[in-house]
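A.B. asks: Give me a model of this one.
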Amino acid sequence: MGLETDVLVIGGGATGTGIVRDLAMRGLDTTLVEAGTISSGTTGRSHSLLHSGARYMPDDSAGAKACAQENRILKEIAGSCVADTGGLFVQLPADSGVYFEEKVEACREHGIETEVLSGETAQETVPVLPPDTERAVRVPDGVVYPSRLTAATAVSARENGAEIVTRTPITDLHTTDGRVTGGTISLENGTTETIDAAHVVNATGAWAGKVAELAGLDVDMRPSRGVMVVVEYDGLDTVLNRCRPPADGDIIVPHDERVILGTTSEGVTDPDDYPKADWEVSRVFEECTAMLPEIGVDQILRTYWGVRPLYGLAAEPGDERAISRGFTLLDHAERDDTAGFTSIVGGKLTTHRRMAEVVADHVCDRLGVTADCRTATEPLPGSDDPSVLDGFVREFGATVPADTDVTDT
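C.D. replies: Residues are numbered from 1 along each chain as shown. I've put the predicted structure just below:
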């Protein structure tokens, strides 16, 4: 005999746990299944930057505004799941002054707080910057600790009645008369279980295409890999961004006694099987030393790769950076004449809560539920106590590369 639930959410990253939390808080019986552990996919393999939105200015104002709004919300509700470090976009001699001015103007036009600093003031603010720093703009960037964020979100969902099931891949989606009615999961003991659901949500990020195939549907994902380089260094407490169009090696994120350097963007065909090239590590390190010249190759502790869940087409073949970092809700009833099934694709870790709200609104509309979203104002459980949050991480086995240097697990 199978299980029954109102909504089956597939994917235990930040967006999936955010969806199950939102739906559970609105009173729906909700089950989340995750093939690995909480945050073990893209969420836990990011550079962990809490975007202010400035990175996407001036070219993607909609994405930038979404990041800016969610940045403020997460700082209110997530406590020690984030760190309010602030950030600088740094102009070096090789960088365009026109681009700097355009970024500042766009940020101010769309409500992103900025403060332009001279090169001298920037070096006084962040003494490790190189002496040839021409100027910088201060923005409200921060740092996300993905394992804490996702584990606390899952705990909140569970406290509101949701079921969280990890290490349980979905192996089939059931379709009857043009409607997805649930799926089959593979349990750790080698057996399978069926779950019947009034609605199924595909929140598997870069794996969304593979999951959609289980229902005979095509979701054309454009995943792109990026490397993160972890360096032993305790002299930085502010996020650094190179003030130029997004490129390899232009982000440095502080993590206690270490920094994370990122990243590259190379298209992959399979998010489970892709090359990890040494040149990417070298490129990121060399580019980042332009902003942080004190670090040396001998300080590299480890590297890890993540895969972005991009959806859409680049302006030029192979130019993954040209694909929007916005998110898209795919209503398969309208798109594919397959009811009871929704996919959420694209997006950023910073905007995961908003992505979840949009999905929850959609599902509630389909199921006739009128309850409002409350996730923007209700703090996550344990958010004021890092030790409690790290206990949640241990409980879910959610230790991930992006923040293992910070969490006590």
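A.B. asks: Between the two ends of stretch 161-175, what distance do you get?
C.D. replies: End-to-end distance of stretch 161-175: 27 Å, with CA to CA, to the nearest Å as the criterion.
A.B. asks: Just checking, which helix or strand of the protein averages the lowest pLDDT?
C.D. replies: strand 266-267 (a mean of 92; mean pLDDT, DSSP states H and E).
A.B. asks: so what secondary structure elements neighbour the helix or strand following that strand?
C.D. replies: Counting by DSSP states H and E, the next helix or strand C-terminal to strand 266-267 is helix 278-288. On a contact count with 3 or more CB pairs under 8 Å, 6 or more residues apart in numbering; DSSP states H and E, helix 278-288 meets strand 224-232, strand 258-262, strand 300-308. (Glycine included, C-beta is placed from N, CA and C.)
A.B. asks: could I get those as a markdown table with distance to residue 349?
C.D. replies: Below are the helices and strands packed on helix 278-288 laid out as a markdown table (distance: least, CB to CB, whole Å):
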| stretch | distance to residue 349 |
| --- | --- |
| strand 224-232 | 13 |
| strand 258-262 | 13 |
| strand 300-308 | 10 |
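A.B. asks: can the ones you listed go into TSV with extra columns for mean neighbour count and mean pLDDT?
C.D. replies: Below are the helices and strands packed on helix 278-288 laid out as TSV (neighbours: other CB atoms under 10 Å; pLDDT from 0 to 100):
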stretch	mean neighbour count	mean pLDDT
strand 224-232	23	97
strand 258-262	24	97
strand 300-308	19	96
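A.B. asks: Between the ones you listed, which one is closest to residue 7.
C.D. replies: Closest approach to residue 7 among the helices and strands packed on helix 278-288 is made by strand 300-308 (25.9 Å; CB to CB).
A.B. asks: Pairing partners for that closest one, with directions?
C.D. replies: strand 224-232 (antiparallel) (DSSP bridges).
A.B. asks: next SSE after the strand it pairs with?
C.D. replies: strand 239-242.
A.B. asks: tell me which strands and helices that following strand is in contact with?
C.D. replies: strand 87-91, strand 251-255.
A.B. asks: now do 10 Å
C.D. replies: strand 49-50, strand 87-91, strand 135-139, strand 251-255, strand 258-262, helix 278-288 (3 or more CB pairs under 10 Å, 6 or more residues apart in numbering; DSSP states H and E).
A.B. asks: Please identify which of the helices and strands packed on helix 278-288 is closest to residue 166.
C.D. replies: With CB to CB as the measure, strand 300-308 is the member of those nearest residue 166 (19.1 Å).
A.B. asks: Alpha carbons of that closest one, as PDB, please.
C.D. replies: Presented in PDB, the C-alpha positions along strand 300-308 are these (Å, rounded to 0.1, in the frame of the first residue of the first chain):
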ATOM      1  CA  ILE A 300      45.100  26.300  -1.500                       C
ATOM      2  CA  LEU A 301      43.400  23.800   0.700                       C
ATOM      3  CA  ARG A 302      40.900  22.200  -1.600                       C
ATOM      4  CA  THR A 303      38.700  22.700  -4.600                       C
ATOM      5  CA  TYR A 304      35.100  21.700  -5.400                       C
ATOM      6  CA  TRP A 305      32.800  22.100  -8.400                       C
ATOM      7  CA  GLY A 306      29.100  22.900  -8.600                       C
ATOM      8  CA  VAL A 307      26.600  22.800 -11.500                       C
ATOM      9  CA  ARG A 308      24.300  25.800 -12.100                       C
END
